[in-house]
Each structure stands twice: as structure tokens, then as C-alpha cells.
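Participant: Please work out how this folds:
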Amino acid sequence: MQIDPRLALIDPPIAIHRSGTQTVPVILTSPHSGRHYPAPFQAASRLEPLALRKSEDSFVDEIFLPASRLGAPLLKARFPRAYCDVNREPYELDPTMFDDDLPPHANTSSVRVAGGLGTIARVVAGGEMIYRDKLQYAEAERRIRHYYRPYHAALTDLVDGTLGTFGQCILIDCHSMPSQILPPGTRRAGGGVGGRPDIVLGDRFGTSCDRSLTDQVDAALTDRGYRVGRNAPYAGGFTTAHYGRPGMGLHALQIEINRALYMDEARVTRRQTLTRVSQDMAEMVRRVIASLALPV
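Facilitator: Here you go, the predicted structure:
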């Protein structure tokens, strides 16, 4: 598959929402809520536009926007996860997707690649194949250069600036998870809507952030009425593993919100309950900020 790069560019690839100067050592990220699908990408896909959005963390950027007004910048990708996934290593690539050879530095054997969800995904969530034809490696390199690298360059700048200003940094990586469809009225023990917890917190089993942070977020959300799980089925991805260095004052925590809480998953539309979820996430961030020892 050949794509004219002049037709495929999403510019700018990222957006950073700020409420004036950053006043707290907290960074919010939404890597999978991008919903700008390039026309050539859609044309090369065997899926309808709605099916392409199955991997998208729809509206998560909107949910956390009020929290960013507490003085914490919100970084979001404007491009979709199905196009380029920044919560992966830069070169987690499936060789079966490409007509030509991959470079030696490509990671072709990760669990994520095996599942079809590498940096350039082979499938959307649910397992449906994205492309009609194979890609050229140059197309993967172009997406990594124009989308992946700018996202992580911006995130690195935010992290370094936060550490330099405050001496500590809390990175909250914001995601959503599909609900599990069960017969009407059925609830799995310990599950929330759709048979899953309402929220899953991922701290890489205590390695990407201090346990006290996970405990604080858990308590804040539980107090708001949510059923909270930890590290199963989502323990955190590349972002938490790569950036989380709690021994150096850099804490990275992933949060997954059950989509049934705030959206119609089939239609990819907002429910009225999105406002309440957004308010609750802002209150959670407010409690985290209140617990920090900040200079006066």
C-alpha cells in the first residue's frame, strides 16, 4: 500500500491543554483519544469508519479536561490509536504486515505484536483486521516520525520541566476499556458495569509509582462510588514502564475507565453521565494534589 504523505498528515499531531502556568507536579495524558482519521488510512482499511474506532479511547480527553484546569497540563494525541499507538515501544512491528523487510531494531516478538496491537496495529480491539493489503516499511517509519516521536518529545519535555520545577512528578495516563457484555441483570463478583470493574488502576504491580499514590487514587474513586480494580487486566503499558521511576520522584499511574459509564459503545456517542464521570476524575486529581507537599 502506498500513501501520499501530503494527504495523510494530521497537523498538529498533538495538543496540550493548559490553564495558564503549570502550578502542580501533575501531568495528564490521553494517548488513545485521537479521532482524526486520515482519508487515505480509511481508504486502505477493510473496515467501516465506526469499526475502526473500536480501539479508540473515545472522549477520554474531554473527561480529563476539567482536571487540567487545576494547574496540570493535559497532553493528548490527535491521531487515532489504530493509526499509530504511542503506548508502545517505537518499533513494535509485525513483519507479516509489511511487503519489505523491517530494520534490525524492530521488536517483532513482543506479546503486543503477537496480539496484533503493536505500534502500527494489525487489528482493532476485538480482532478485526485493519488493512486490505500489506504496507511498506516506509509508511511505518513515516508515522513513527510524524506522530510517535512528537508525542513522546512533548511528554519528555513536560516530565523534565515538572521535575525541574517541583522536584517530583505524577504522570496519570488516562484510558478507557470496553465493557464486557453479559446477559441483562448479570454481574460478575466484584465487577462493575458490564461485568468489569468501573475503574482499573495500573501501576506495574507497584513498580511504576509509589503504592501510596495508587492507594490515594483508589480511595478517591471508591469514595465516589466506583468499583476499583488493580493491575488486572491492565497493569500499565509502555508509558508507565518507560517513565515511571518512583525512586527518582517520578510516579506513573495508568487509569482505565469502563466505557459503559459514559458512552454508547456501539454508536461511539457520549452519554449524559460523561459530565459526572468528568467531575469525579477532577475531584480525584484534586485529592491527589491536596496530598502533595508543595512549596508555598
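Participant: which parts of stretch 265-272 are buried?
Facilitator: Residues 265, 268 are the ones in stretch 265-272 that count as buried (16 or more other C-beta atoms under 10 Å). The way it works is simple: take the backbone N, C-alpha and C, and place the C-beta from them, glycine included.
Participant: and for that stretch, what are the contacting residues?
Facilitator: Outside stretch 265-272, the residues that touch it by C-beta atoms under 8 Å, 6 or more residues apart in numbering are 50, 53, 56, 58-59, 62, 178-179, 259, 262-264.
Participant: repeat for stretch 120-128
Facilitator: With contact meaning C-beta under 8 Å, 6+ apart, stretch 120-128 is reached by 47, 51-55, 81-85, 93-94, 96-97, 115-117, 129-131, 135, 140, 143, 178.
Participant: go again using 7 Å as the cut-off
Facilitator: Contacts to stretch 120-128, defined as C-beta atoms under 7 Å, 6 or more residues apart in numbering, come from residues 47, 51-52, 54-55, 82, 84-85, 93-94, 97, 116-117, 129-130, 140, 143, 178.
Participant: Name the spans of the chain whose pLDDT lies under the cut-off.
Facilitator: Segments of the chain classed as low confidence (criterion: pLDDT under 70) are 1-8, 181-191, 193-194, 294-296.
Participant: what about the helices in the stretch 1-150 of the chain?
Facilitator: For the stretch 1-150 of the chain, helices defined by DSSP state H, counting those that start in this stretch occupy the ranges 5-8, 39-44, 49-52, 60-68, 111-114, 137-143, 149-166.
Participant: Return the most buried member of those.
Facilitator: Most buried of these, by mean neighbour count (mean count of other C-beta atoms under 10 Å): helix 60-68, with a mean of 24.
Participant: Please enumerate residues in contact with that helix?
Facilitator: Contact partners of helix 60-68, identified using C-beta under 7 Å, 6+ apart, comprise 17, 19, 28, 30, 33, 74, 76, 174-176, 262, 274, 277-279, 281-282, 285.
Participant: got it, and stretch 196-208?
Facilitator: Around stretch 196-208, the neighbours that count as contacts under C-beta under 7 Å, 6+ apart are 177, 179-180, 191-192, 209, 214, 217-218, 221, 226-231, 234-236, 240-241, 244, 252-258, 261.
Participant: start to end distance for that stretch?
Facilitator: For stretch 196-208, the first-to-last residue distance is 23 Å (C-alpha to C-alpha, to the nearest Å).
Participant: what's the answer for stretch 259-276, then?
Facilitator: Per C-alpha to C-alpha, the first residue of stretch 259-276 is 13 Å away from its last.
Participant: returning to what we had before: mind putting the helices of the stretch 1-150 of the chain in a markdown table, distance to Ile289 included?
Facilitator: Formatted as a markdown table, the entries for these read as follows, by distance: least, C-beta to C-beta, whole Å:
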| stretch | distance to Ile289 |
| --- | --- |
| helix 5-8 | 39 |
| helix 39-44 | 38 |
| helix 49-52 | 37 |
| helix 60-68 | 10 |
| helix 111-114 | 33 |
| helix 137-143 | 35 |
| helix 149-166 | 11 |
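Participant: Minimum distance to Asp101: which of those helices has it?
Facilitator: helix 137-143 (7.2 Å; C-beta to C-beta).
Participant: Tell me the backbone dihedrals of the residue nearest to Arg78 when sequence neighbours are not counted, please.
Facilitator: Nearest in space to Arg78, with sequence neighbours left out and distances taken as C-beta to C-beta, 6 or more residues apart in numbering, is Gly34 at 4.8 Å. Its backbone dihedrals place Gly34 at phi -60, psi 140, with angles given as degrees, to the nearest 10.
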